[in-house]
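1. 3D model of this:
(chains A and B)
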Number of protein chains: 2
Amino acid sequence: MAGITTPERIGTELAGLIPFDRVLTDPEALARYSHDRADWADFTAPLAVVLVVTADEVSAVVRFAAALGIRIVPRGAGTGLSGGANAMANSIVLSLELMTDVIELNTAERYAVVQAGLINDDLRAAAATVGLWYPPDPASSAISTIGGNAATNAGGICCVKYGVTRDYVLGMQVVLADGDIVQLGRRTAKGATGYDLTGLMVGSEGTLGVITQLTVKLLPLGGRDERAIVGYFPSLDSAGEAVAAVARAGIIPAALELVDRTCLYAVSEWQGVDLPQNADTLLLAKIDEPGARGDELSLQLADIFRAAGGADVQQSSDSDETDRLFQARRLAYPALERLGPVLTEDICVPRAAVPMMLASIQESAARHVVVIANIAHAGDGNLHPLIIAPEGDLAVKARAKLAFDEIIARCLQLGGTVTGEHGVGLLKLPGAAVELGDRVGRMHHAVKDSLDPEHLFNPGKAFS
Amino acid sequence: MAGITTPERIGTELAGLIPFDRVLTDPEALARYSHDRADWADFTAPLAVVLVVTADEVSAVVRFAAALGIRIVPRGAGTGLSGGANAMANSIVLSLELMTDVIELNTAERYAVVQAGLINDDLRAAAATVGLWYPPDPASSAISTIGGNAATNAGGICCVKYGVTRDYVLGMQVVLADGDIVQLGRRTAKGATGYDLTGLMVGSEGTLGVITQLTVKLLPLGGRDERAIVGYFPSLDSAGEAVAAVARAGIIPAALELVDRTCLYAVSEWQGVDLPQNADTLLLAKIDEPGARGDELSLQLADIFRAAGGADVQQSSDSDETDRLFQARRLAYPALERLGPVLTEDICVPRAAVPMMLASIQESAARHVVVIANIAHAGDGNLHPLIIAPEGDLAVKARAKLAFDEIIARCLQLGGTVTGEHGVGLLKLPGAAVELGDRVGRMHHAVKDSLDPEHLFNPGKAFS
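-> Below you'll find the model as predicted:
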């Protein structure tokens, strides 16, 4: 079988294992599945795309690929921003997008068992029907899958208070490199049996196995009343001071987001909305404690905003009004995309270093003559510098890459991490190598070799 | 050097690396450090005990032991209940009890960097001086170390709401099997760089490396008002129904503990306190939401207790009174120890299965003619059956072991896990083997081999 190297022949062989309509080998499909949203990173069309519907099918494809020395690139919805699902030479893309079943919703134990291809928002909606809530809310929640969220340990806006995907994955079904299907983790509230292999799989970016099913912890849906508090600041520094003051006051808001001047003006121009005078940076917070306590915290946050120099500070407990106040955050990314392709950064620095990091980003923008806008999960120190490079302008693209690398280097200097919530994929490989260092890098290789000795799963991703 | 096999000669050799007063080889010390609190499990006196004070010393001892093929048994305070720190033939016990420094308390980022030998309560006290709080509260918090808590992924009473040790460990310094010292994890609020090796170390029971320093997440100390709600139930079933009703109501209390009839009567007799008529099972809950919301939840919980058949339901927001109400929980274990040595079980079942599991435990007690009392983190489904076996009575001890094994088997039948928070150590090896299954067991071996190829660290613990 070693001679099978063309999509046509791979397709013919796979058709013995998987119904032919779920084995894609036409050039258009191969192109479509050849990369996630990180088309800045390298990618190559795969030999085939297989749309699996059961763990047994995943197992069959894994055994088939292992026998032929073909690599497996697992993929959820392909919404990743670091290239974790970018295809490579001699690979099969294994798409879990059709595995969308909610298998169990357990209200007594507060968990859901779902297939890996279920969309985040669909899990949220299913949980809500039984009075439960799945908190992790990446910006991609309407289009990204739970399996992909787990593979990259996705974050989101409410993570500042409620934690990230890792904090909610209790267990999972995984297909290993020899095709064996195992169940990891537990469904009980606590557990200390053996190594936390579930936690090891979370964030491993498809390099250790294919996650086919997940058991996720849920919280009660009720008992929260959302209030929004927003304010415009005359400078990044003053907004940074407000973020630090919130932490000093011992308040953990349910969201604390920052939108910088470039984003604000892009949204304002697009939507025809006037900005207040001297508006430079917008902070948006949510408080979700119910009743009087929520009122009190909301007022306290508004006072902190004003004391730090915030103007036009508004509060609302009405959900439509809250949505309106958060509009600038929601529209920032699409507003920028109107200006050109966006290279999305994702760094996390100590909260206190947020103003310094933002200032350094602006210096990089000036030095390399590129436009960099910023949205940030400020309460977590998780920044998303958005580097805009007009389509086809290779010179700008080269300068953007220099700025990208400089931002990562500065983030590490400030005690940060090169990826807060998007994962390493391909784009962050050099930064991750610096952050982890040689010895911890070798630990990664040892763990990879122990669970995937032939480097079948997504080789070259997540660490170098 | 291969001929060095006596404590005297090992001691002489080690004295070149570690000041002599911190290398213990006298028989009394070797006996004292030969086991943790699981003296039901096997143990053998080590060749030497080394009281290290720096990671460099740990590294030196690790290299020394590796060169000689001597095993390393890492140990915090030796308060473990599963035998994880029990010494074995040809071993050095590496005690971190003197490494108690608080290295950094960061209020802006809300974390602490501490040495592994710091006592849990001492971390809590240090954090409180700067308005911060370390939630995980194992019953051993006054005597157990943070390093030991991390090695076993310790739980506690408030975990039902605030999570276990794993949820608070952001990063750590670890000495690896080749003596290299590495820093894992991060200090930022979020991070997705590489595999979660920090999480892999948590709960690995000293089998992958020696944790010398930890970075732990802290929460704001303020903003909580503790209220106690306690009630006596006429049966395990009615108490179990109350626990299920709390979950159905979408309430996550800050504690939900159960004390059974045997414990209640042991405490009552010891302290000379009368119990209400028909008192069979005590439930103790805490609510810590502040203000009116806390009052409301406290009343709601009391109503749920009464509706399920609870009598003498009392509520208090006074901290002394709260302590008094929780006295029966606090004194249950020492009250039972007065009756004889206690073999402590630690299983976790789905919340809904708590009454079934408790009934099954009583059947095992009757079948094997042993006394089994129960304290339980009922809100988590985490039960601690306490099997009492009078000193020196080998027949009872043998029957206790049969009951112990039967409880584990039943827990697995009910979808539970063989250890909720104490770890596998030695006592739970057979149960863990069944729970993990052969294929996941082999994954454990592969990971162990990848990071500790010579099986230097605590071999034979945590998985079989």
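2. could you confirm whether stretch A:139-153 reaches chain B?
-> Yes: using C-beta under 8 Å from any C-beta of the partner chain, we find that stretch A:139-153 touches chain B at A:152, A:153. All C-beta spots, glycine's among them, are computed from the backbone N, C-alpha and C.
3. sorry, wrong one. I was asking about stretch A:362-380.
-> Yes: for stretch A:362-380, a contact with chain B is found by C-beta under 8 Å from any C-beta, at A:377, A:379, A:380.
4. now do stretch A:74-87
-> No: counting by C-beta under 8 Å from any C-beta, chain B is not contacted by stretch A:74-87; separation bottoms out at 9.0 Å.
5. OK, contacts around residue A:123?
-> By C-beta atoms under 8 Å, 6 or more residues apart in numbering or on different chains, the contact set of residue A:123 is A:102, A:112, A:114, A:134, A:146, A:216.
6. mind running it again at 10 Å?
-> Residues near residue A:123 by C-beta atoms under 10 Å, 6 or more residues apart in numbering or on different chains: A:100, A:102, A:105, A:112, A:114, A:134, A:136, A:141, A:145-146, A:149, A:214, A:216, A:218.
7. what about these, which are in strands?
-> Among those, the members found in strands (DSSP state E) are A:102, A:105, A:112, A:114, A:214, A:216.
8. who wins on neighbours among these?
-> residue A:214 (31 neighbours; other C-beta atoms under 10 Å in any protein chain shown).
9. before we move on, the earlier item: of the residues of stretch A:362-380 next to chain B, closest to chain B?
-> residue A:380 (4.1 Å; C-beta to the nearest C-beta).
10. would you mind splitting chain A into its domains for me?
-> What automatic domain parsing lists as the domains of chain A is A:7-95, A:102-220, A:224-330.
11. please work out which of these is packed deepest.
-> domain A:102-220 (a mean of 23; mean count of other C-beta atoms under 10 Å in any protein chain shown).
12. now do the same end-to-end measure for that one.
-> From its first residue to its last, domain A:102-220 covers 18 Å (C-alpha to C-alpha, to the nearest Å).
13. turn the ones in strands among the contacts of residue A:123 into CSV, including distance to chain B and pLDDT.
-> Listed next are the ones in strands among the contacts of residue A:123 as CSV, based on distance: C-beta to the nearest C-beta, whole Å; pLDDT from 0 to 100:
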residue, distance to chain B, pLDDT
A:102, 19, 98
A:105, 14, 98
A:112, 14, 98
A:114, 18, 98
A:214, 16, 98
A:216, 15, 98
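14. so does the strand or helix carrying residue A:61 get close to chain B?
-> Element membership for residue A:61, per DSSP states H and E: helix A:55-68. No: residues of helix A:55-68 contacting chain B under C-beta under 10 Å from any C-beta of the partner chain: none, with a closest distance of 12.3 Å.
15. which helices and strands does whichever helix or strand comes after that helix pack with?
-> Downstream of helix A:55-68, the next assigned helix or strand under DSSP H and E is strand A:71-75. Where contact means 3 or more C-beta pairs under 10 Å, 6 or more residues apart in numbering or on different chains; DSSP states H and E, strand A:71-75 is packed against strand A:48-51, helix A:55-68, strand A:91-95, helix A:146-152, strand A:210-217.
16. including distance to residue A:442, could these go into CSV?
-> As requested, the helices and strands packed on strand A:71-75 are exported to CSV (distance: least, C-beta to C-beta, whole Å):
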stretch, distance to residue A:442
strand A:48-51, 33
helix A:55-68, 25
strand A:91-95, 25
helix A:146-152, 23
strand A:210-217, 25
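17. for those, which one sits closest to residue A:421?
-> Smallest distance to residue A:421 across those (C-beta to C-beta): 7.4 Å, for helix A:146-152.
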